[in-house]
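**Student:** okay, predicted coordinates and the sequence, questions at the end:
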Number of protein chains: 2
Amino acid sequence: MQLVTVGTVAFDNIETPFGRADKVVGGAATYISLAASFFLNKSGLVSVVGDDFPTDMMDLMQAKGVDLTGLEVLKGKESFFWAGRYHYDMNTRDTLETRLNVLLDLDPKLPENYKAAPYVMLGNLDPKVQAKVLDQMSDPALVVMDTMNFWMDSAMEDLKKVIGRVDILCVNDAEARQLSGQHSLVKAANTILAMGPTYLVVKKGEHGALLFSKDRVFFAPAMPLEDIIDPTGAGDTFAGGFIGYLARTQDHSFDNLKRAIIVGSALASFCCEKFGVQRLLEIKREDIDERVQQFVDLVDFDIELVEE
Amino acid sequence: MQLVTVGTVAFDNIETPFGRADKVVGGAATYISLAASFFLNKSGLVSVVGDDFPTDMMDLMQAKGVDLTGLEVLKGKESFFWAGRYHYDMNTRDTLETRLNVLLDLDPKLPENYKAAPYVMLGNLDPKVQAKVLDQMSDPALVVMDTMNFWMDSAMEDLKKVIGRVDILCVNDAEARQLSGQHSLVKAANTILAMGPTYLVVKKGEHGALLFSKDRVFFAPAMPLEDIIDPTGAGDTFAGGFIGYLARTQDHSFDNLKRAIIVGSALASFCCEKFGVQRLLEIKREDIDERVQQFVDLVDFDIELVEE
């Protein structure tokens, strides 16, 4: 097992100004696992669903090397459900409905063969659940954590405890500001890195992503797309591509993290091209390689300063 | 005369969550001319002020090679005045007061030695005034135009006429969307380039800038700063650095425009570090060169894709 991912596996109803999709498969762990699968032979997923969850999607994930021994299926119960509506700018959304359903019963018990995995991805969830997963891991080489403002509002103390145990934290720019109480992202990064993580990734949606260490910063753009059909799961897809690339290369240097950010950004750009996980099921490794090259071209410049 | 700039020369009252400054010298043409002066020996400014405008600032600008023959000083009248307040995110602002004053009398008459200048910067102003400046130029090699949503709301027809006459248009992302009626910036760029310009620059403030040609796109980040004290004039400073670098290098290829974008972004980052034009008066060419190198480091990565 190269990677263990905990997070939601769910159904989503998604409305955008350009269309809608009902009861499509979603959830953080779904996007993360599918994105990471492009770089890994075997990862394990920890989550819970009801028996309404489609077995053909489970078969598809297993065919891509995602082990579902850690996915509990609760008989006679319904899977987590989220409904949301995106605004015209596609960077903001309203939650229309959340039905936690089986998520209330999520008490992760890791299969034995998950516990020695070197890479752990803590998808956005109750920090108490994230901590329980960490407690069961023997000695991971790298732990990446995603979270959101909801837990900052409702469980800051638990959240900070988990943040203190991870190597890399991923949040968006508003969340970095909320978590740190600093407006400047540079200062926010310093404050958050002092909480424990070695690296901070600030996701900015269509505006790209920043990677901070104590003394370095890297900026990756988002790919400008002709059409953004559905941004749902883009942040999780980014995280999955990011940790999948790291788990494959086993190199945690700043320079390799930069590459992982570009790979994650490439995968996130595909995710937005169709509703749900659809695009992630269509693309091949050569599509990713081609898009990574587009990122190279997008930011490449050689500077030649003139004499004063 | 290497460059002619038309735009406002003004007083600003600026409030931010971190401080305030009253009646500081501002105006688009002021920021543009000062930024461009790092790369040019001689540029000409076309604008109008009242006799309340400080002569020491005029002396300073002239010492930097900004010719003020084209700056009309109206006796007994007051200079254009703008007061604004920035919100906590520093990316949005409210206009508290605008007193047009002398701007109502701006009927640009270019000094003879301005008319053969190869580079023209049309700072944000009534498109009719921008057109009058263009009418008086003999045959410029490159015309760059800045504008804003105000003219899209109030004078779209005049605006489009001027856009059809320029080589490069600079607007922010919301304005690119408004002007084109397209949400996707890629589609917005195609629509706007079909109006006439060869290149479109989309300024995104703290999120960087995009450069579009019909078949290429380049993304430049903004420098993450410890403190953003005052973003007033950052867009004009960007434009000034951009056209100053182009006028100096006289190379209008996409690759050189990328360099000009980076130079403009470097200058804009300095502009935000203090109120008004203060920081632009302090920095030296070596400061700009050093910051440009920071931009190189900020986006630099080498990608090494792993075997499937």
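**Tutor:** Structure received. Numbering: from 1, shown residues only, chains lettered A, B, ... in the order given.
**Student:** residue boundaries of the strands in the stretch 201-308 of chain A?
**Tutor:** Remark: strands assigned in the stretch 201-308 of chain A by DSSP state E, counting those that start in this stretch are A:209-212, A:217-220.
**Student:** those strands into CSV, with extra columns for mean pLDDT and mean neighbour count?
**Tutor:** Heads up, the C-betas are built off the backbone N, CA and C, glycines and all. Formatted as CSV, the strands of the stretch 201-308 of chain A follow (pLDDT from 0 to 100; neighbours: other CB atoms under 10 Å in any protein chain shown):
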stretch, mean pLDDT, mean neighbour count
strand A:209-212, 97, 24
strand A:217-220, 96, 25
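**Student:** CSV for the ones you listed, including distance to chain B?
**Tutor:** Converted to CSV, the strands of the stretch 201-308 of chain A look like this (distance: least, CB to the nearest CB, whole Å):
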stretch, distance to chain B
strand A:209-212, 7
strand A:217-220, 4
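**Student:** wait, residue A:123 touches residue A:32, no?
**Tutor:** Yes. Taking contacts as CB atoms under 8 Å, residue A:123 lies within contact range of residue A:32: 5.5 Å.
**Student:** higher neighbour count, those two?
**Tutor:** In this view residue A:123 and residue A:32 are compared by other CB atoms under 10 Å in any protein chain shown, and residue A:32 has more residues nearby, 34 against 31.
**Student:** helix/strand/coil for the residue in the stretch 1-150 of chain A positioned nearest to chain B?
**Tutor:** Nearest to chain B in the stretch 1-150 of chain A, going by CB to the nearest CB, is residue A:88, at a distance of 6.3 Å. Three-state call for residue A:88 (DSSP: H, G, I helix; E, B strand; the rest coil): coil.
**Student:** list the contacts for residue A:30?
**Tutor:** A:7-10, A:61, A:233, A:236, A:277 (CB atoms under 8 Å, 6 or more residues apart in numbering or on different chains).
**Student:** check what pLDDT it gets.
**Tutor:** Note on residue A:30: pLDDT of 98.
**Student:** tell me if it really is in a helix.
**Tutor:** Yes. The assignment for residue A:30 by three-state DSSP puts it in a helix.
**Student:** residues contacting the residue of the stretch 51-200 of chain A at minimum distance from chain B?
**Tutor:** Relative to chain B, the nearest point of the stretch 51-200 of chain A is residue A:186 (4.9 Å; CB to the nearest CB). Residue A:186 sits next to A:212, A:217, B:224-226 when contact means CB under 8 Å, 6+ apart.
**Student:** cutoff 6 Å now
**Tutor:** With contacts defined as CB atoms under 6 Å, 6 or more residues apart in numbering or on different chains, residue A:186 is in contact with B:224, B:226.
**Student:** quick revisit: for the residue of the stretch 1-150 of chain A closest to chain B, phi and psi?
**Tutor:** phi -60, psi -40 (degrees, to the nearest 10).
**Student:** ok, it - how many residues close by?
**Tutor:** 11.
**Student:** burial measure for the residue nearest to it when sequence neighbours are not counted, as a count.
**Tutor:** Counting by CB to CB, 6 or more residues apart in numbering or on different chains, residue A:17 is the residue found nearest to residue A:88 once chain neighbours are left out, at 5.1 Å. By other CB under 10 Å, the residues close to residue A:17 number 12.
**Student:** do the same with residue A:223
**Tutor:** Residue A:223: 20 neighbours (other CB under 10 Å).
**Student:** surely it and residue A:269 touch.
**Tutor:** Yes. Using CB atoms under 6 Å, residue A:223 makes contact with residue A:269 at a distance of 4.1 Å.
**Student:** read off the pLDDT value for the residue of the stretch 51-200 of chain A closest to chain B.
**Tutor:** With respect to pLDDT, residue A:186 has a value of 96.
**Student:** for it, grab phi and psi.
**Tutor:** Torsion angles, degrees, to the nearest 10, at residue A:186: phi -60, psi -50.
**Student:** and if you look at residue A:14?
**Tutor:** Here residue A:14 shows phi and psi, under degrees, to the nearest 10, equal to phi -130, psi 130.
**Student:** where's the residue lying closest to residue A:189 once chain neighbours are set aside relative to residue B:128, distance?
**Tutor:** Counting by CB to CB, 6+ apart, residue A:212 is the residue found nearest to residue A:189 once chain neighbours are left out, at 3.8 Å. Distance check for residue A:212 against residue B:128: by CB to CB, to the nearest Å, it reads 47 Å.
**Student:** kindly report the same for residue A:229.
**Tutor:** Per CB to CB, residue A:229 is found 41 Å from residue B:128.
**Student:** with residue A:93 instead?
**Tutor:** 41 Å.
**Student:** could you do residue A:199 as well?
**Tutor:** For residue A:199 relative to residue B:128 (CB to CB), the value is 53 Å.
**Student:** what parts of chain A come near chain B?
**Tutor:** When proximity is defined as CB under 6 Å from any CB of the partner chain, chain A approaches chain B at A:184-186, A:207, A:217, A:219, A:221, A:224, A:226-227, A:248, A:258-259, A:285, A:289, A:292, A:298-299, A:301, A:303, A:305-306, A:308.
**Student:** which one's more surrounded, residue A:229 and residue B:128?
**Tutor:** The residue with more neighbours, out of residue A:229 and residue B:128, is residue A:229; 20 against 14, by other CB under 10 Å.
**Student:** what sits against that one?
**Tutor:** A:273-274.
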